[in-house]
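Trainee: I'll drop the sequence and a predicted model, then ask my questions.
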Amino acid sequence: MSTGIKKTPLFKKSLHDLIRGIRACKDSEATDKYIRSAISECRQEILSQDMDFKTMAVMKLAYLQMLGHDMTWASFNVLEVMSSQKFAQKRIGYLAAMQSFGADTDVLMLATNMLKKDLASSNHLDVAMAISGLSNIVSPSLARDLAEDLLKMMNHSKPYVRKKAVLVMYKLFLQYPEALRSSFPRLREKLEDPEVAVVSATVNVICELAKKHPKNYLPLAPQLFNILTTSSNNWMLIKIIKLFASLAPIEPRLKAKLVPPITNIIQTTTAMSLLYECVNCIVSGGMLSKEDEQLATMCVGKLRIFFEETDQNLKFVGLLAYNKIVLTHPLLVAQNADVIMDCMDDPDLSIRERAVELVVYLVNTDTLFEVVKRLMLQLIPQTRDQVLPEHYRIEVVRRILNMCSKDTYANVTNFEWYVAVLVDLVKITEGVKDVGAEIGAELQNVAVRVRSVRDYAVGAAARMVTDKDVMIKNPRVLKYAGWVVGEYALYLDNPEVILDAMINIEPQSLSHDMEAVYIQAVPKIYSQYAGTDRVPWTYSHAQEILLMTEKIVAYLEKYATSMDIEVQERSVEFLELFRLITLAIKERPNDDMDLTSPALISQVMSSMFNLWELNPVSAKAQKRIPVPDGLDLDEEFNPPAVYSESEDEEEALLREMVMKQQEQNSAKNVNSAAAASVTVKAKSKKSKAARDGAPSSEEESEDEEEIERRRQERRRRQAEDPYYILESDKVVSKSRRSRRESSSSELSGPDDPMKNEKLDIDAIPIMKLEIASIAAPVTKKKSKRRSQPAHVEIAREETFGDDGAADGVDSDDNMARRKSLAARGASQKKGILRVDARGLENYDLDSPDEDEADRQEVEKFKAEILEARQKAAKAAEEEVMATHIVVKKKKKKAKVVKKVKKREGTNETKPAKEPAEKEETTQDTEETTQETTQETTQETTQETTQETTQEKTQETSQEKADENGEKNVEGHEA
C-alpha cells in the first residue's frame, strides 16, 4: 500500500520490516528483546531532521503502541509530524495523536493554533482530518478555543465536512457544555439540510444529547416528527424513535401524535431492529397503559416472531421487550409462556438470564411447582465439564425465593413442599456466597408465620444444624437454623442431639453474629431437654443432665472473653445461670428417693423462654406509636447537681483515713475490724454534720495545719499519679450524690417524718422465696404431623394502628430483595465504550446563560468606565481652555493697553485710524480664541491616540508571540 512517503534507505527499517521481525521471533523473550531494540532505533530516527525518517519512526511507534508499549515520550515529535505540509505525513501524525494523546498530555496546548490552521485550510481533506483527530484528543481548553471554528465548519460547502463537524460537536459538548447554547440554533438548521447524511448525523447527536437532558430538545419535536413521517432511511428512523422514547415521558401530548405513525411502521416494516425500537418506544415512552389492550396485543404478537428466528440476538431483545410489557399486561405475556420456558433451556446464558427474570411474573398457584422445578434444574450442571457462573446461580436462587414469597406466599399451597425446596437449595448451592443467609431467612419466616408447618420446618432446621457438610459448604444458613431450633425447641424429637452438635462447634468456625444466636439457643433447647416431664427424674437421668450442664458451662467459658460485646454479654449471663444449675443438681440426693427436678430447671428456665410466643412484627410498627403528650426529648430528665470542691476534698480525705485505718487493723481480729468500722462511721457522721453546718467538738480541736499538710500531700500524689483523673471523680461523685438525693426524696416524699432518720439496712426483713409456690407455666403439647389443609393460615405481621404490612403486602425482606434484583446491573463496572456525560445531565438551555450574563456585566462596566473617562477628558479640556483664554486675554490686554496709550498720544494727530485699530483688536481676540481651541484639541487628541496605540501594541505583541510559536514549530520541521 502506497503511503506517499519516500522509500527509506536500506539501513532504515520500515513498518513492514518491523512487523516481519516481530513475527519471526519464536518466543516471547525474543519478541521483547526485538521490540526493545526497535524502540531504541525509533528514538534515534525520531530526532532526524528528515521528515520522512521522523514520520516512519512515528508510524512504527504507533504500531507498537497498539501492542501495549508506551509512546508518550514522543508527544512533541508527533506534534511535529502533525504540522507537516504533506497530507500523507500529516495523516500519520494525526493517527499517532489519536492513539497516544490524552487529556493530560502537555503538548496539547501547543496544538491549538495548528488545529485552527488546519480547520481554515482550503483543502477539505485537511479540514476533515483535523476534525477526526480533534474528536479523540479534545480537552476542555481545546473545546473552548475551537468552538467557534467548528461552528463555522457546520456551514462548509462540502457535505462531508458538515457531517463530520456535526458529529464532533457531541465530543465538544462533553468537554465544554456551554458551547451547546451557542450551537443549538445551528443544530436545528442542520435538521433541514439537503444532504441526508448531514441530517442523519444531526439526529444522532441530538439523540445522544437527549439521553442526559431530554427537556432541552422538546422544541425540535415538529421537525423530528416531519422526518419520522417522510424519511425512508431505517437507521434514521431508529434514531428518531429512540429520541421520541426520551421525549414522550416529558410531554404526554406526544402520545396522540406518535402512536399512529409508529403503529403503521410496526405493521408494515420487515426490519426487526426497527420493529423492536417501535415496540420499545411505545413501552418506554409511557404510551402503553393498562387500557390499551389492542396496542399491547399487537406488540406481543409481533414480538413472538423474534423467537421463531434462528438469530439469538432477536430472542434476547424479544425477552427484553417482554420484560417491559409484563409490568402492565402480564396475562398477554403469559399466553406466550411456552416460548419463554423454552428460552430457559437455551445454551446462551444471557438468554437464560432474561428468561429467568421474566418467568417470575408468570407464575400462579397452578404453574408454581413446574416453574420452580425448571429453575432448580438450572442450578445443576447438565454435563460434568459445564461450570455455571456464580452470579447466575445466585440470580436463580433469588428468583425462586422471590416468586414463592410474593404477596406473602399467595401462590404457595403446600408449605411442606416449600420447606423441602429450601432444604434442596441449601444442598445445591454449596459454595455459593450470599445465598445461604437468604435461604435461612426464608426458612425462619415460614417457621414463624405458618404454624401448621412449624414442626416440619423445625425438623429441617435441626437436620441442617447436625449436618457437618452444611457447616463447611454453606455456613451462613446455620444462623437462622439455630434460631429456629432454639425458639421452637418444643418440636424437637431429640434435643440432646441438637445440644451436643451445637456446643461441640469450634469457636473459629462461626462468625460473631452466628455465635450470639447459638449461645441464645442453647439455654432454650436445654430447658426443653431437662425441664420436661417426658423422662422421669432419676439418679441416672440427673447424672446425664449434670454431664450436659457441665459441657454447656465449658462451652460458655470459651466465649466469656470474646472480643464481640454481644457474644461476651450473652455467654457471661448464661454461664452464671448454668453454674447455679450445676450446684443445684449436685445438691440433690444420690438415690432415687427424691423424684423432683430442681426448681431452677423445671420452673425458672421454663418461665424464661416458654411463657410467650414470638409473632412477626412489622418494621414500621415502631414509627406508628404516637409520641406522649408533654414529652420533650431535648429536656434534661434530671438537672445537673451543684457541688463544691470542698466537699470533694473532704470525701477524698475521708477515704484516705479509712484506707489507713484498714491497713492498721489488717492484723487484728474481727472485733477490732468491727471497732474500726464503727470509728469510720462516726467520722463519716462528723463529716456530714460539718457539711450541714453543725461542727463537733472533735473537729474544732483538729489541728488546721495538719489538715492543710495532708491536703497538700494528697494533691501532690494525685498530680504525680498518671491514673488519677480529677474531673471524672467529680462527675462520679456528682452523679452518685444526685442519684442518692433523688432516690431518697422520691421514697420519702417532701412531708415524710422519717426523711431525716438514718436508714438501717440490717432492719429490712429477708423474704424467703418459695419457687414452688409460683404458678407453673402453661406447657405446650407437641402437635402431631397432619395432612396439609386446604387453607393454610399465615400469620400476619403485628403492627400499631392500620399498617400496610399487616394487609398481605410483601414483607420488608421481600421488598429489599426485589430492590436488589432491580438494581442488579447498577454495581457493574463502567463499560469501555461508555463516555462521561455528567456535564450535560443538568445543563438546561432554558436557564439563563451565566457566561452571557457575565459578559454583559463586563461590557456594562467597560461602558461606565469609558463614559467616566470621556467626562473627565471633557472637564479637563474645558479647564485647560479656560486657563489658556485667561492667559491670552492678559497678554492681549497688555498689548491693547499699550496700543491705546500710544493711540491716545497720537489721537489728535491721527484721528482717522480708530476703526482700523478696533478691527485689529477684534482680530487679536479671535486669534487668541483659535489658538486656545487648537491647543486643547491637540492635547485631547494626543491622549486618545496614546490609549489607542497602547491597546494596538498589546494586540500586536500577542499576535507576534503566536507567529513566533508557529515559526518555532516550522523551524523544528525544517
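Mentor: The structure has been received and is ready for your questions.

Trainee: pLDDT at the closest residue to residue 535 other than its chain neighbours, what is it?
Mentor: Leaving aside its sequence neighbours, residue 535 sits nearest to residue 541 (Cβ to Cβ, 6 or more residues apart in numbering; 5.7 Å). (Each C-beta comes from the backbone N, C-alpha and C, glycine too.) Looking at residue 541, its pLDDT reads 81.

Trainee: Please tell me how far residue 541 sits from residue 599.
Mentor: When Cβ to Cβ, to the nearest Å is applied, the distance between residue 541 and residue 599 equals 17 Å.

Trainee: Residue 609 too?
Mentor: Residue 609 is 16 Å from residue 599, by Cβ to Cβ.

Trainee: Kindly report the same for residue 319.
Mentor: Using Cβ to Cβ, residue 319 is found at 66 Å from residue 599.

Trainee: and what of residue 289?
Mentor: 69 Å.

Trainee: quick one, helices of the stretch 401-550 of the chain?
Mentor: All helices of the stretch 401-550 of the chain, identified by DSSP state H, counting those that start in this stretch, fall at 415-428, 435-449, 454-466, 468-473, 478-487, 495-503, 512-530, 539-559.

Trainee: would you list every one of the helices in the stretch 101-250 of the chain?
Mentor: With DSSP H, counting those that start in this stretch as the criterion, the stretch 101-250 of the chain has helices spanning 112-119, 124-137, 140-153, 159-175, 179-190, 196-210, 221-230, 234-247.

Trainee: need the ones you listed in CSV with mean neighbour count, distance to residue 713 and mean pLDDT, can you?
Mentor: Shown next, in CSV, are the helices of the stretch 101-250 of the chain (neighbours: other Cβ atoms under 10 Å; distance: least, Cβ to Cβ, whole Å; pLDDT from 0 to 100):
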stretch, mean neighbour count, distance to residue 713, mean pLDDT
helix 112-119, 18, 82, 91
helix 124-137, 20, 81, 91
helix 140-153, 18, 74, 91
helix 159-175, 22, 77, 92
helix 179-190, 17, 82, 90
helix 196-210, 22, 83, 92
helix 221-230, 15, 93, 92
helix 234-247, 21, 84, 91
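
Trainee: okay if I get the ones you listed as CSV plus distance to residue 406?
Mentor: Formatted as CSV, the helices of the stretch 101-250 of the chain follow (distance: least, Cβ to Cβ, whole Å):
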stretch, distance to residue 406
helix 112-119, 60
helix 124-137, 49
helix 140-153, 50
helix 159-175, 43
helix 179-190, 46
helix 196-210, 36
helix 221-230, 40
helix 234-247, 30
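
Trainee: Show the contacting residues for residue 280.
Mentor: 245, 320-321, 324 (Cβ atoms under 8 Å, 6 or more residues apart in numbering).

Trainee: at 7 Å what do you get?
Mentor: 245, 321 (Cβ atoms under 7 Å, 6 or more residues apart in numbering).

Trainee: Check it and give its pLDDT.
Mentor: pLDDT, residue 280: 90.

Trainee: now swap in residue 399 and tell me
Mentor: So residue 399 comes in at 91 (pLDDT).

Trainee: So which elements touch the strand or helix carrying it?
Mentor: In the assignment (DSSP states H and E), residue 399 maps to helix 390-404. Helix 390-404 sits against helix 349-359, helix 368-378, helix 435-449, helix 812-822, with contacts defined as 3 or more Cβ pairs under 7 Å, 6 or more residues apart in numbering; DSSP states H and E.

Trainee: which parts of it are buried?
Mentor: 392-404 (16 or more other Cβ atoms under 10 Å).

Trainee: Give me the more crowded residue out of residue 289 and residue 599.
Mentor: Neighbour totals were compared for residue 289 and residue 599, and residue 599 leads with 15 against 12 (other Cβ atoms under 10 Å).

Trainee: how near is the more buried one to residue 578?
Mentor: In terms of Cβ to Cβ, residue 599 sits 15 Å off from residue 578.

Trainee: Equivalent analysis for residue 350, please.
Mentor: 56 Å.

Trainee: Between those two, tell me which one has more neighbours.
Mentor: Set residue 350 next to residue 578 and count neighbours by other Cβ under 10 Å: residue 578 wins out with 24 against 14.

Trainee: Please report phi then psi for the more buried one.
Mentor: phi -70, psi -30 (degrees, to the nearest 10).

Trainee: My guess is residue 107 contacts residue 75. True?
Mentor: Yes. In this structure residue 107 lies within contact range of residue 75 using Cβ atoms under 7 Å: 4.7 Å.

Trainee: how about the helices of the stretch 401-550 of the chain in a markdown table, adding distance to residue 49 and mean neighbour count?
Mentor: Formatted as a markdown table, the helices of the stretch 401-550 of the chain follow (distance: least, Cβ to Cβ, whole Å; neighbours: other Cβ atoms under 10 Å):
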| stretch | distance to residue 49 | mean neighbour count |
| --- | --- | --- |
| helix 415-428 | 72 | 19 |
| helix 435-449 | 68 | 23 |
| helix 454-466 | 81 | 22 |
| helix 468-473 | 71 | 14 |
| helix 478-487 | 76 | 26 |
| helix 495-503 | 85 | 19 |
| helix 512-530 | 73 | 23 |
| helix 539-559 | 81 | 17 |
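
Trainee: Relative to residue 181, which of the ones you listed is closest?
Mentor: helix 435-449 (50.5 Å; Cβ to Cβ).

Trainee: Now do that closest one and helix 415-428, the angle between them.
Mentor: Computed by axes from the mean of the first three to the mean of the last three Cα atoms, to 10 degrees, the angle separating helix 435-449 from helix 415-428 equals 160 degrees.

Trainee: Residues in contact with helix 435-449: which ones?
Mentor: Residues contacting helix 435-449 (Cβ under 7 Å, 6+ apart): 394, 397-398, 401, 405, 415, 418-419, 422, 425-426, 429, 453-454, 457-458, 460-461, 474-477, 479-481, 483-484, 488, 614, 616, 794-795, 813.

Trainee: Tell me who's in contact with residue 450.
Mentor: Here residue 450 is in contact with 415, 792, 794 (Cβ under 7 Å, 6+ apart).
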